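**Student:** Show me how the following folds:
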Amino acid sequence: MAHYGNLQKIRNGKRTYAITPHIPGGFIKPDTLIKMGAVAKKYGGVMKITSGQRILITNLQEEDLPAIWDELGMQPAVVTQNSLKNVELCPANFCKRSKYPTVAIGMKLSRNFQGMELPCRTKIGVAGCRNACGSVYAKDIGVLVDFDKLFFVTVGGSAGFHPRLSDIVTRGLTEEQAYALVEVILHYYKDNALMGEKLGDFVDRITIDKFRDDVLEIAKLEKKLDTEF
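**Tutor:** You can find the predicted model right below:
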């Protein structure tokens with residue numbers, strides 16, 4: 001496996017690197033967590049829980065990276081920068097406030113679209129209620145459950161250099177419809193945005209009304225859903 005390490009620090013001419021293994025939805029088995037700790041300890045790594053629900057291991061030497069990846073037996077979280085970097089989930093299935101167990105749709109989105117090449121780095125957030133734990137309203141695409149236990153989908157959020165609150169595309173969706181709509185949104189964004197253009201910037205350029213009309217029409221025509229949005 002390629003070493004997939006990021007240069008983190010140069011101090012007195014010495015370089016240290018970091019890696020970030022893929023942890024789907026932020027859920028990790030105890031044995032895997034223990035293994036990550038053991039490997040990090042062996043190679044003098046420092047572990048950092050990231051805002052993206054992953055664990056970064058830093059303070060590593062470049063020559064050790066291939067062996068570290070081999071011992072972890074895990075895939076890197078990000079292979080191409082302009083891609084779907086991660087799908088972040090709230091712990092809906094285990095939360096008393098959740099209106100719906102959304103871990104399944106989140107894992108399905110992660111399994112099918114993680115690493116998909118897109119015009120710019122992109123994040124999806126999934127939450128089981130409108131509290132939107134995980135800052136879902138600040139994600140490029142949000143999948144949330146309303147009070148009526150039906151889904152709504154948002155687009156264009158960003159908590160980065162130019163913060164932007166997301167726009168609602170539509171409400172009243174079943175789980176299957178929400179998944180289908182996210183798939184349409186990803187392909188519409190990939191096919192029509194400029195290279196390097198964040199999803200929120202793309203929405204602002206063409207207007208949310210056009211974006212909404214286009215993706216909903218595509219979802220109706222191409223996805224052949226039994227019920228309309």
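**Student:** What does residue 49 show for phi and psi?
**Tutor:** Main-chain dihedrals, residue 49, degrees, to the nearest 10: phi -80, psi 120.
**Student:** what's the answer for residue 124, then?
**Tutor:** Per degrees, to the nearest 10, the backbone of residue 124 is at phi -110, psi 140.
**Student:** for residue 57, which residues make a bridge with it?
**Tutor:** Beta-bridge pairing of residue 57 under DSSP bridges involves residue 19, residue 47.
**Student:** What count of nearby residues applies to it?
**Tutor:** The tally of other residues near residue 57 (other C-beta atoms under 10 Å) stands at 22. Quick note: C-beta positions are derived from backbone N, CA and C, even for glycine.
**Student:** show me what contacts it?
**Tutor:** For residue 57, the contact set (C-beta atoms under 8 Å, 6 or more residues apart in numbering) comprises 18, 19, 20, 21, 36, 39, 40, 45, 46, 47, 48, 68.
**Student:** repeat for residue 155
**Tutor:** Residue 155 sits in contact with 140, 141, 142, 166, 167, 169, 185, 199, 200, 203, 208, 211, where contact means C-beta under 8 Å, 6+ apart.
**Student:** could you pull out the strands for this protein?
**Tutor:** All strands of the chain, identified by DSSP state E, fall at 6-11, 14-19, 46-49, 55-60, 84-89, 122-127, 141-145, 151-155, 167-173.
**Student:** related to what we said a few turns ago, closest to residue 219 out of the contacts of residue 155?
**Tutor:** The closest of the contacts of residue 155 to residue 219 turns out to be residue 185 (C-beta to C-beta; 8.8 Å).
**Student:** residues touching that closest one, list them.
**Tutor:** Going by C-beta under 8 Å, 6+ apart, the list of residues near residue 185 reads 141, 153, 155, 169, 215.
**Student:** Just the buried ones out of those, please.
**Tutor:** Using 16 or more other C-beta atoms under 10 Å as the burial test, the contacts of residue 185 include 141, 153, 155, 169, 215 as buried.
**Student:** Contact partners for the closest residue to residue 204 other than its chain neighbours?
**Tutor:** In this structure, residue 204 finds its nearest non-sequential neighbour in residue 156, 7.5 Å apart by C-beta to C-beta, 6 or more residues apart in numbering. Counting by C-beta under 8 Å, 6+ apart, residue 156 touches 140, 164, 166, 167, 199, 200, 203, 204, 208.
**Student:** Now do the same contact list for the fourth one.
**Tutor:** Each residue near residue 167 by C-beta under 8 Å, 6+ apart is listed here: 154, 155, 156, 203, 208, 212.
**Student:** Of these, which is the nearest to residue 11?
**Tutor:** Nearest to residue 11 among the contacts of residue 167, with distances taken as C-beta to C-beta, is residue 156, at 39.1 Å.
**Student:** Do me a favour and get the backbone dihedrals for the closest one.
**Tutor:** Per-residue torsions, residue 156: phi 90, psi 0 (degrees, to the nearest 10).
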